[in-house]
Every structure is written in C-alpha cells, then in structure tokens.
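**Student:** Build me a model:
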Amino acid sequence: MFEAYLAADGTGIRRDEIRSDGWFATTDLVELGEGTLRFLGRSDRVVKVLGELVNLANLESRLMGAWDGRVECRVLALEDARSGRQLVPVFEACMPDGAGETVRRLNASLPGYSRLKEPRVIPKWPRTPLGKIDLKALEECIADR
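**Tutor:** Okay, the predicted model is just below:
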C-alpha cells in the first residue's frame with residue numbers, strides 16, 4: 001500500500017508529487033494497471049447515506065459501549081432503494097439484553113441519515129483465514145435473510 005496523488009497527463013495516469021494545496025486523502029483503495037485505475041473500495045468504514053458520510057466503526061463503538069465492550073457488534077450498510085443504504089446492527093449468537101432499546105436510544109441522538117434499523121442476529125461471524133470478521137460475507141448473509 002502506498003500514499004500518492006495521481007494525475008492524468010493525457011496519455012495515462014502518472015504519480016504526482018504530494019501537495020497540500022487543497023488536496024485531501026480519500027482512503028480509496030485502487031488497483032493501478034497500465035495507465036488505468038480500478039476502484040476497489042475504501043480502506044475505512046465510512047459510507048454515504050442520503051449524501052452524508054457515516055462512520056460505521058463509530059456507530060459500532062457507541063453500541064458496544066452500552067455493554068462495556070462485552071458484546072461484539074457490526075453495523076452493515078445494506079443497499080436500500082429509497083435511501084441508497086440502510087444501517088443494520090448485527091450481533092453474533094443471540095440478541096443482547098436491551099439491544100432494541102439501546103438502538104432506539106442511540107437513534108434518538110443521531111441525525112436521520114445515520115439512524116439504525118432493527119438489530120439482527122447471525123449464528124456465527126464469518127471469518128477470514130486470519131480470524132477477522134469477513135464483512136463482505138456477513139453482508140451477503142444478512143442481505144439474503
């Protein structure tokens with residue numbers, strides 16, 4: 001992984017010198033081909049909902065804080081025809097006591113575009129070979145329900 005500013009020069013894409021005059025980091029992940037870039041996603045957990053940026057990791061942290069970190073939760077941004085995305089909290093194995101009420105209390109403090117839907121439960125987190133929660137597989141599993 002590297003950090004760079006890229007510029008089109010009419011014949012392709014070239015690496016440009018890092019500048020601070022109005023440029024900003026996007027945390028986009030791209031694959032650099034022969035003069036082309038292919039967008040792969042983002043390196044952070046920020047999504048757009050109704051044109052506003054929402055930090056999913058922040059929402060997860062606030063939810064898990066209700067149980068002092070004893071409960072693991074992931075917030076997924078699932079495709080939605082009306083708003084573009086709906087934010088769904090997911091728990092493993094069983095719903096923690098008071099999860100619905102905790103989501104309602106959190107929603108009362110959030111702007112409309114970042115409010116969470118009803119929480120869902122998955123029997124077991126899908127994991128990558130390195131033991132991390134596989135968010136793509138989790139999204140597919142929840143979207144199929």
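
**Student:** Skip the chain neighbours and tell me the closest residue to the residue most central in space within the chain.
**Tutor:** The C-alpha lying nearest the average C-alpha coordinate of the chain belongs to residue 45 (Cα atoms, centre = their mean; 3.2 Å). The shortest distance from residue 45 to any residue other than its chain neighbours is 4.1 Å, reached at residue 56 (Cβ to Cβ, 6 or more residues apart in numbering). Heads up, the C-betas are built off the backbone N, CA and C, glycines and all.

**Student:** tell me the contacts of that neighbour?
**Tutor:** When the contact criterion is Cβ atoms under 8 Å, 6 or more residues apart in numbering, the partners of residue 56 are 45, 46, 47, 74, 75, 76, 77, 87.

**Student:** Tell me how far it lies from residue 129.
**Tutor:** When distance is defined by Cβ to Cβ, to the nearest Å, residue 56 is 23 Å away from residue 129.

**Student:** Check residue 114 too.
**Tutor:** Distance, residue 114 to residue 129, using Cβ to Cβ: 32 Å.

**Student:** more crowded one of those two?
**Tutor:** Set side by side, residue 114 and residue 129 give different neighbour counts by other Cβ atoms under 10 Å, the larger being at residue 114 (21 against 6).

**Student:** The residue lying closest to the more buried one once chain neighbours are set aside is in what secondary structure piece?
**Tutor:** The shortest distance from residue 114 to any residue that is not its chain neighbour, by Cβ to Cβ, 6+ apart, is 4.6 Å, and that residue is residue 54. Using DSSP states H and E, the element containing residue 54 is strand 52-55.

**Student:** residues in contact with that strand?
**Tutor:** Residues lying outside strand 52-55 but in contact with it, judged by Cβ under 8 Å, 6+ apart, are 44, 45, 46, 47, 48, 77, 87, 111, 113, 114.

**Student:** which of these are buried?
**Tutor:** Among the contacts of strand 52-55, those buried by neighbour count (16 or more other Cβ atoms under 10 Å) are 45, 47, 77, 87, 113, 114.

**Student:** Many thanks, have a good one.
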